[in-house]
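Undergrad: sequence and predicted structure are below.
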There are 2 protein chains.
Amino acid sequence: MTQEIIPAGKRLALSSGLAGLSGARPLLDRTGTVARLADILRAQITEGGLPPGTQLAEHAVAEALGVSRNTLREAFRLLAHEELVVHEPHRGVFVRTPDAGDVRDIYTTRRLVECAAVRNADSAPSGAVAEIRAVVNAAQAAAAEQRWNDVGTADLRFHSAIVALAGSRRLNDMMRRVLAELRLVFHMMADPHRFHEPYVHRNAEIAALVERGETDAAVGALLAYLDDAERQLLTGIAERSTQSSESIT
Amino acid sequence: MTQEIIPAGKRLALSSGLAGLSGARPLLDRTGTVARLADILRAQITEGGLPPGTQLAEHAVAEALGVSRNTLREAFRLLAHEELVVHEPHRGVFVRTPDAGDVRDIYTTRRLVECAAVRNADSAPSGAVAEIRAVVNAAQAAAAEQRWNDVGTADLRFHSAIVALAGSRRLNDMMRRVLAELRLVFHMMADPHRFHEPYVHRNAEIAALVERGETDAAVGALLAYLDDAERQLLTGIAERSTQSSESIT
DNA sequence: GCATATTTGTCCGTATGTATA
DNA sequence: CTATACATACGGACAAATATG
């Protein structure tokens, strides 16, 4: 009677998420098997193929991907360190199910880092501002063609580009991980389409302000963006937790 | 002729660092063997027992600590993800040797995060300011008794306490890792004593400014601190790299 | 430049302890 | 409470890559 993290009927439902993977290749290139394993699982998790709460049983996943359990466990350690999965002592690893506290923590981190990065826009590394513009254009193109999944991807890449204004590799890496976590939250929302759509225009506005050197205004717009997004996600999570024991298709 | 990371006579000199460890305990408590392994190695690395560049050969370390090679590799993945060690494909894992670029990157990260955290001092979580004061007192006590190693520890804990003003667990974790990396740089310096000593007083000053609510002045003092420390470390690294092929006691 | 020894990368089988039905 | 399933950790094996003489 510890926790009921898992919907209790959904464990080991990873056949769906891992089905279309050409995993049966015990061959290694430059990166090494473990790193590629982590890439595959990370992609599956962030793309929504393995929704929050699903258990990643060693034997099943190892067989599905054509690797040994030892190798897989090494990849699990990486993902656990990135907080994409949780490692419960003698129970196994599960795709993380972020709660309201996680959302608040992620957004305090984002507010601090992203706003400070924008304030540093003057002395940003060359090409950083251009990258922001490029991502905004990609987002608008995706929105025009109603490719909402790509819109969500572009949104996260936009904010990665914002962080890149600070010019620190470690900061970039950290925020990339945090934004990957945030994707888990997106997949817990009702319909991600509606969520991302209004932010396309707001991102474009922020980008324009940064380009024009109006950093204070840009920071203000960014703060408003983050506050709105956080609020929306928190209400989304609250709704989800009330309809707890329903059947999940 | 790739790199000369290792002093070429110092590889596998981990007998010194791992000698006094009660590693021969194949018993697991709450945390799990892998996590404890990582703790042991992390401590050894940050305390200077395993200086930058030393190779951590799987067989030797596994035997010294009384664990299997597979288990040890899982711990290595964690440390590699924390950037305390580097994993060279088919060559092994080595204690990281930070270069000037790393120092610059670490300090841009610190400038951004720590200054922003101080600016958030008004709405900091309760007890955060008191913790800063406590660490400053500990540092002054250690300095009075010439326990320079403890002074260095207190210095890093001081800055962790600064970051805690932001009130984000993820930010705390990230900066704890960055500061652990910074310890590697300290151990590359000539004498760490001289390095830490002057900062005891400066930390106390910053703490006082934070307590009095003079955040702007506190940020200014913190920035000056970080700039000076970075400059000092960069010159220290430059000196070290010029006397490259000397015998190392 | 080549042959050999060492080390890593990956796999398998297995014993033990833990959690759950 | 027993039984089953699973994670944990170990040890050995082999191929591949690297380092050494």
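TA: Nice, thanks for sending it over.

Undergrad: drop to CA atoms for contacts and neighbour counts, all remaining ones
TA: Noted.

Undergrad: show me the shaky parts of chain A.
TA: A:1-30, A:243-249 (pLDDT under 70).

Undergrad: can you pull the residues of it lying near chain B?
TA: Counting by Cα under 8 Å from any Cα of the partner chain, chain A comes close to chain B at A:31-32, A:70, A:73-74, A:77-78, A:81, A:89, A:105-106, A:108-109, A:112-113, A:116-117, A:166-171, A:174.

Undergrad: DNA strand C next: which of those are close?
TA: Applying Cα under 7 Å from any atom of the strand, the subset of the residues of chain A next to chain B adjacent to DNA strand C comprises A:32, A:70.

Undergrad: and the buried ones among the residues of chain A next to chain B, selectable in ChimeraX?
TA: In ChimeraX, this line selects whichever of those come out buried by 16 or more other Cα atoms under 10 Å in any protein chain shown:
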select /A:70,73,74,77,78,81,105,106,108,109,112,113,116,117,166,167,168,169,170,171,174
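
Undergrad: tell me what the host helix or strand of residue A:170 is packed against?
TA: Assigned by DSSP states H and E, residue A:170 falls within helix A:169-188. Helices and strands touching helix A:169-188, as assessed by 3 or more Cα pairs under 8 Å, 6 or more residues apart in numbering or on different chains; DSSP states H and E, comprise helix A:33-46, helix A:100-119, helix A:148-164, helix A:215-242, helix B:100-119.

Undergrad: per-domain residue ranges of chain A.
TA: A:29-95, A:100-241 (automatic domain parsing).

Undergrad: what's the closest of those to residue B:132?
TA: Closest of those to residue B:132 is domain A:100-241, at 20.0 Å (criterion: Cα to Cα).

Undergrad: quick one: end-to-end distance for that closest one.
TA: Using Cα to Cα, to the nearest Å, one end of domain A:100-241 lies 10 Å from the other.

Undergrad: same thing with stretch A:86-98?
TA: 10 Å.

Undergrad: got the buried residues for that stretch?
TA: Neighbour-count burial for stretch A:86-98 flags A:86-87, A:93-98 (criterion: 16+ other Cα under 10 Å).

Undergrad: okay if I get those residues as a markdown table plus secondary structure?
TA: Below are the buried residues of stretch A:86-98 laid out as a markdown table (DSSP: H, G, I helix; E, B strand; the rest coil):
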| residue | secondary structure |
| --- | --- |
| A:86 | strand |
| A:87 | strand |
| A:93 | strand |
| A:94 | strand |
| A:95 | strand |
| A:96 | coil |
| A:97 | coil |
| A:98 | coil |
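
Undergrad: nearest residue to the most centrally placed residue in chain A other than its sequence neighbours?
TA: Central residue of chain A (Cα atoms, centre = their mean): residue A:180, 2.2 Å from the mean position. Once flanking residues are discounted, residue A:180 sits nearest to residue A:46: 6.4 Å by Cα to Cα, 6 or more residues apart in numbering or on different chains.

Undergrad: and the one you found, how many neighbours does it have?
TA: Applying other Cα atoms under 10 Å in any protein chain shown, we find 21 residues neighbouring residue A:46.

Undergrad: may I ask you to confirm that it is in contact with residue A:183?
TA: Yes. If you go by Cα atoms under 8 Å, residue A:46 and residue A:183 touch, sitting 5.8 Å apart.

Undergrad: briefly note if stretch A:45-64 comes near DNA strand C.
TA: No. Contact of stretch A:45-64 with DNA strand C (Cα under 7 Å from any atom of the strand) is absent, the minimum separation being 7.9 Å.

Undergrad: any idea how far apart the tips of that stretch sit?
TA: End-to-end for stretch A:45-64, by Cα to Cα: 16 Å.

Undergrad: put the alpha carbons of stretch A:206-223 into CSV.
TA: What follows is stretch A:206-223, C-alpha atoms only, in CSV (Å, rounded to 0.1, in the frame of the first residue of the first chain):
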residue,chain,number,x,y,z
ILE,A,206,9.4,37.4,-28.0
ALA,A,207,11.8,36.7,-30.9
ALA,A,208,11.0,40.0,-32.5
LEU,A,209,11.7,41.9,-29.2
VAL,A,210,15.0,40.0,-28.7
GLU,A,211,16.0,40.8,-32.3
ARG,A,212,15.3,44.5,-31.8
GLY,A,213,17.3,44.6,-28.6
GLU,A,214,14.4,45.4,-26.4
THR,A,215,15.5,43.0,-23.7
ASP,A,216,13.3,44.3,-20.9
ALA,A,217,10.2,44.0,-22.9
ALA,A,218,11.3,40.5,-24.1
VAL,A,219,11.8,39.4,-20.5
GLY,A,220,8.3,40.7,-19.6
ALA,A,221,6.7,38.8,-22.5
LEU,A,222,8.6,35.7,-21.6
LEU,A,223,7.6,35.9,-18.0
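
Undergrad: burial measure for residue A:115, as a count.
TA: 23.

Undergrad: typed the wrong thing, it's residue A:144
TA: 11.

Undergrad: for residue A:122, give its distance to residue B:33.
TA: Distance from residue A:122 to residue B:33, by Cα to Cα: 48 Å.

Undergrad: before we move on, back to that, ok and the helix holding residue A:170 relative to helix A:215-242, angle-wise?
TA: Helix A:169-188 and helix A:215-242 are oriented at 40 degrees to each other (axes from the mean of the first three to the mean of the last three Cα atoms, to 10 degrees).

Undergrad: which parts of helix A:169-188 are buried?
TA: A:169-172, A:174-176, A:178-188.

Undergrad: quick one: closest of the domains of chain A to residue B:143.
TA: domain A:100-241 (31.7 Å).

Undergrad: quick one on the thing from earlier: and the residue nearest to residue A:180, what does it touch?
TA: Each residue near residue A:46 by Cα atoms under 8 Å, 6 or more residues apart in numbering or on different chains is listed here: A:180-181, A:183-184.

Undergrad: one more time with 7 Å
TA: By Cα atoms under 7 Å, 6 or more residues apart in numbering or on different chains, the contact list for residue A:46 reads A:180, A:183-184.

Undergrad: repeat for residue A:124
TA: Applying Cα under 7 Å, 6+ apart, we find residue A:124 in contact with A:165-167.

Undergrad: now do the buried residues in stretch A:120-128.
TA: A:120-121, A:124, A:128.

Undergrad: please state the offset of it from the chain centre?
TA: Mean-position distance between stretch A:120-128 and its chain equals 25 Å (Cα atoms, centre = their mean, to the nearest Å).
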